[in-house]
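>>> Sequence and predicted structure are below.
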Amino acid sequence: MRAERPGVSLSTIQANDAGLVAGLAWQAGADWFDTSTGTWRVDTADEPSLAMARYWDGLITEGLVVDEPLYSESHVTDLQQGCSLTLIGALWSAANISRFVPELAGRWGVAPVPAWDEPAAGNYGGSTMALPEGAPHPDAAMEFARWVSTSPDAIAAAAPASTAFPANTTLTEVWGEETERANTFVRGMDLPRVASEAAATVDPSWEWGPSMAEGFNRLNDETAALAGTPGGLQEALRRWQDVTVELMRQRGFEVVD
């Protein structure tokens, strides 16, 4: 492929997207945070994480994968011109692709991320609903939250704009039907089957650390600073380990070495 089309890459990855890095580490079997002993243990540079990072560092260094922001102007151009053949993303990525390159409808498929050993998946992103303290209509807000989370009508209402997987797994079949009905871009991609099989392999024992919003910002800082350097993603995870432990201890968390 490289000899015939030297400008073509296998895929695009946004290495300074901490959510994506976390999802790939999760999928590889990483265990960044652990509170099972009653104190915090942090290991963002464990072997599964570094193995994942070595893999992507190698592909980037060899020019097989491009490290650039997803859905940036250059990335969209690469997709349109067939210069980037795949995209590593979550289920909601299908809706993004349909908005950025609608002319490519019917030319996309979906497949699980290749597993390291047994079939496995990790979460990339997600959403939640929060009720602020002092909200004037808490009962109405909770009623809406229950409707959004449990009603097939809510799935149908969101389907034209979203391909996000439902948190309530009893709605998976409805989600698949409504998503394919409302979004012509995903028809024929076999998205519901692949999504359901992947969702069943997500390890629920994964733990998040405290203040992940700030933590992700710090990880993005590290990956951005090392972009384009050999082994950059591996080194970013090592640096982030030290930064994370220091910040947690400053905030009074007990972190064991």
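Noted; the coordinates are in hand. Numbers count the residues shown, from 1 in each chain.
>>> mind listing what's buried in stretch 196-216?
198, 206, 209, 212, 215-216 (16 or more other C-beta atoms under 10 Å). Any C-beta I mention is one placed from the backbone N, CA and C, and that applies to glycine too.
>>> okay if I get the residues you listed as a markdown table plus secondary structure, distance to Met129 and pLDDT?
A markdown table is the format used below for the buried residues of stretch 196-216 (DSSP: H, G, I helix; E, B strand; the rest coil; distance: C-beta to C-beta, whole Å; pLDDT from 0 to 100):
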| residue | secondary structure | distance to Met129 | pLDDT |
| --- | --- | --- | --- |
| Ala198 | helix | 24 | 93 |
| Trp206 | coil | 21 | 96 |
| Gly209 | coil | 22 | 94 |
| Met212 | helix | 17 | 91 |
| Gly215 | helix | 22 | 93 |
| Phe216 | helix | 20 | 95 |
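>>> Return the member of these nearest to Pro136.
When the buried residues of stretch 196-216 are compared for distance to Pro136 (C-beta to C-beta), Met212 wins out at 29.0 Å.
>>> Number of residues surrounding the closest residue to Ser162 other than its chain neighbours?
In space, Ser162 comes closest to Ala95 once its chain neighbours are excluded; the distance is 5.5 Å by C-beta to C-beta, 6 or more residues apart in numbering. If you count neighbours by other C-beta atoms under 10 Å, Ala95 ends up with 20.
>>> Number the residues from 10 up from this point.
With the count now opening at 10, the last piece we talked about shows up as Ala104.
>>> Make sure Ala104 is indeed in a helix.
Yes. Under DSSP: H, G, I helix; E, B strand; the rest coil, Ala104 sits within a helix.
>>> wait, it sits on Ala167?
No. When contacts are counted by C-beta atoms under 8 Å, Ala104 is not listed as touching Ala167 (9.9 Å).
>>> if I look at those two, which residues touch both of them?
Among the neighbours of Ala104, those also in contact with Ala167 (C-beta atoms under 8 Å, 6 or more residues apart in numbering) are Ala173.
>>> quick one, what contacts the residue nearest to Ser171?
With C-beta under 8 Å, 6+ apart, Ala104 has these contacts: 170-173, 192.
>>> Just name the closest of these to Pro15, please.
Nearest to Pro15 among the contacts of Ala104: Thr172, at 33.2 Å, using C-beta to C-beta.
>>> Could you look up the SS state of the closest residue to Asp162 other than its chain neighbours?
With sequence-adjacent residues excluded and distances taken as C-beta to C-beta, 6+ apart, Asp162 is closest to Trp156, at 7.6 Å. Following three-state DSSP, the label given to Trp156 is helix.
>>> I'd say Trp156 and Ala166 touch.
No. Counting by C-beta under 8 Å, Trp156 does not reach Ala166; the two are 9.7 Å apart.
>>> Mind checking which of these two has more residues around it?
Ala166 (15 against 12).
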